[in-house]
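> output the structure for:
(chains A, B, C and D)
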Protein chains: 2
Amino acid sequence: MTISEKKQPPANKQDLYRLFARIAAAMANPHRLELLDLLAQGARTVEELARESNLSIANASQHLQRLKRARLVIDERQGFYIRYRIADPLVTHLWLEIRAVASQQLTEVSVTLDAYRAQRHEFKRVSVEDLRTRLEKGTAVLLDVRPSAEYAASHLPSALSIPLEELDRRLSELPHSRTVVAYCRGPYCVLADQAAEKLQRKGFRVARLEEGVHEWQQAGYSLASAREA
Amino acid sequence: MTISEKKQPPANKQDLYRLFARIAAAMANPHRLELLDLLAQGARTVEELARESNLSIANASQHLQRLKRARLVIDERQGFYIRYRIADPLVTHLWLEIRAVASQQLTEVSVTLDAYRAQRHEFKRVSVEDLRTRLEKGTAVLLDVRPSAEYAASHLPSALSIPLEELDRRLSELPHSRTVVAYCRGPYCVLADQAAEKLQRKGFRVARLEEGVHEWQQAGYSLASAREA
DNA sequence: TTAGTATTCAAGAGAATTCTTGAATACTTT
DNA sequence: AAAGTATTCAAGAATTCTCTTGAATACTAA
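Numbering: from 1, shown residues only, chains lettered A, B, ... in the order given. A predicted model of the protein is given here:
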C-alpha cells in the first residue's frame, strides 16, 4: 500500500517464484512422476519408458520433453534411441522428498498404500540398520529383484541380482540356511513383494526391505554399480 | 503388451502417483510458493499474507485453501483472524529442495538472480561456518532484519533483532568496532541487502549471510525462539 | 540413395487452473 | 440481538494442461 514498494522495485521477485514454480509444475503430474521414478532407477529410452508406464509413445515423449524443459532430465542420442536420464541427484532427492511429505501428510497415502498391499501378502520387514547387522553376521542374503539394467546402474553392496522374471529358474542360487531379504525400487514398488511371495511358497525364509537404492543412499550408505559387482 | 499385466493388476499404482502429484501441483504456482515462503518464516493471517504477496484477499484465500487441501498448511481460528501455518517441517524442507534444484539446474536462476542483485550493492558474503568462528572470536555481531514477528518465531542464536524499518532510528545499538553480519529470510530475500546498504553508508563494516533460519537449521545448527532471547 | 527406425511435432477437443467480482458465512464486539 | 470484522464461496472468462491422431523429423543400415 505504501509508495516504498515502487521506490525500490524488488526487481522481479515474482520471476524468481515463477522459476521455482516451473520445477514444481514439471512434477505436478502423475505420469511425469512415474517417469521420474523409473528414471531414478536408471536411464531409459522413450520406448521403454512408454511401455513401463503404459503411455503412448507420443504422450510419453511429450511428458519427457516437459521434464527436459524444466531441466529435471537430460536426453542423449544413442544410435537409434534417445536415452533419458535424471539430470542431477538433487532431482531424485526432490522426488523422494515429495514422497516423504505425501506419506506423512496425506493419511490417504497410507490408506491407498494399505489397499495396495492388502491383495498381497505381508512379509517381515527389515530396516536398513537391521539389514546391515544381519549381513555382517551372515544370517541373511540380500536379493535385488529389479530388472538387471537397474541393478547395473546401481545397487546395494553385496546384493545378488535375480530379476523377478528369472527368479523361478534361478532358485538354486539362493540358500535355505539364511533369510533372503528382497528389495526393489522402494516402499511403493511391488517387485520385492512378488518375489518374496514366490520364495515363501518355495519354502525360503524371506523378508522385505522397504527401502530402495536411493533411500539407502540417503541414509548415508554407499552404493555399488555394475563394474564392482 | 503381454497379458501378465492384467493377471496381477498392480492395484492402483496410478493412484499413488496421483497422490504424489497433488503435492507437487499444490506447489506449482508462483503465488503459492511465495505464500509458503512467507509461512516458512512464521504463521500469518490471510490478510497479512495477501498484503505481503500483493494478492487480493479472495485470491490469497483460494490459494491458501489449495495448500490446505494438499495438507501443506494448517489453518486455525484465532479470534477475528484465521492464522495459517506450515503443516510440518518436512514441507519447508521440500520448499528448500525445490529452490535448490532450481538454483542448480536452471542457469536462468543465476541470471535472474544476478539481474535481481545487479541493482543493489554486493556485500561481502559470509558462510555459515565463517559466521560461527567470527561469533566465537567476537569479531562480529549478528543482525536479524526481518519483521519482529518472524524473529519471534525463530532466529539464529545470539542474533540481535532490528527490523529493517526500525534500522534508521536504532543504529546506536550496533557497534562500529565489529563487523555487522545481516541476514533475513534466505538467499533470495532482499531485506538483508537493503539493511547492509544502509549500514555501509553510515560507516559500519557490514557483511551479508546468504542463509536464513531454515538453511541454518538444515546445516545442522539449532535455532532460538522468542522466549530464550 | 533408399528404406526403416525411434522420436518429435502440430492441431484440436475436453478438462483443469487462475483471477475477478459480488455475495455469503462465521465469528466478535457492543 | 445488531453491527462489524475477516474469510470463504460461487460463477464465469481467459488461459493452460493433457491426450489423441496423423504427419514430419532425424537418424541408421543396406
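> hey, let's count contacts and neighbours off CA atoms from now on
Fine.
> centroid residue for chain A?
With distances taken as Cα atoms, centre = their mean, the residue of chain A nearest its centroid is A:Arg185 (4.3 Å).
> just checking, that one touches A:Gly42?
No: using Cα atoms under 8 Å, A:Arg185 makes no contact with A:Gly42, being 10.7 Å away.
> the lengthiest helix in chain A vs helix B:89-105, what angle?
Counting by DSSP state H, the longest helix found in chain A is helix A:89-105. Between the axes of helix A:89-105 and helix B:89-105, defined by axes from the mean of the first three to the mean of the last three Cα atoms, to 10 degrees, the angle is 160 degrees.
> what's the spacing between the residue nearest to the centre of chain A and B:Leu94?
A:Arg185 sits 21 Å away from B:Leu94, taking Cα to Cα, to the nearest Å as the criterion.
> low-confidence regions, chain A specifically.
Within chain A, the stretches with pLDDT under 70 are A:1-11, A:106-121, A:227-229.
> per-domain residue ranges of it.
According to automatic domain parsing, chain A comprises the domains A:11-93, A:116-218.
> export those to a markdown table and tack on distance to B:Ala159?
As requested, these are exported to a markdown table (distance: least, Cα to Cα, whole Å):
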| stretch | distance to B:Ala159 |
| --- | --- |
| domain A:11-93 | 26 |
| domain A:116-218 | 32 |
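> which of the ones you listed sits closest to DNA strand D?
DNA strand D sits nearest to domain A:11-93 of all the domains of chain A, at 4.0 Å, using Cα to the nearest atom of the strand.
> and the closest one, is it in reach of DNA strand D?
Yes: Domain A:11-93 lies within reach of DNA strand D by Cα under 7 Å from any atom of the strand, at A:Ala25, A:Ala28, A:Asn29, A:His31, A:Leu55, A:Ser56, A:Ala58, A:Asn59, A:His63, A:Gln78, A:Gly79, A:Phe80.
> PyMOL command to pick out the buried ones of the residues you listed?
Burial among those is assessed by 16 or more other Cα atoms under 10 Å in any protein chain shown; the matching PyMOL selection reads:
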select buried, chain A and resi 25+28+29+31+63
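> now do the strands in chain A.
Secondary structure of chain A (DSSP state E): strands at A:44-45, A:73-78, A:81-86, A:125-126, A:140-144, A:160-161, A:179-183, A:206-209.
> A:Arg18: which of these is closest?
Ranking these by proximity to A:Arg18 (Cα to Cα) places strand A:73-78 first, at 19.4 Å.
> wait, what's in contact with A:Gln105?
With contact set as Cα atoms under 8 Å, 6 or more residues apart in numbering or on different chains, A:Gln105 has these partners: B:Arg71, B:Leu72.
> hmm, try it at 7 Å
B:Arg71 (Cα atoms under 7 Å, 6 or more residues apart in numbering or on different chains).
> DNA strand C versus that one, what's the distance?
According to Cα to the nearest atom of the strand, to the nearest Å, A:Gln105 and DNA strand C sit 18 Å apart.
> what angle separates the longest helix of chain A from strand A:81-86?
Going by the same axes, to 10 degrees, helix A:89-105 makes 60 degrees with strand A:81-86.
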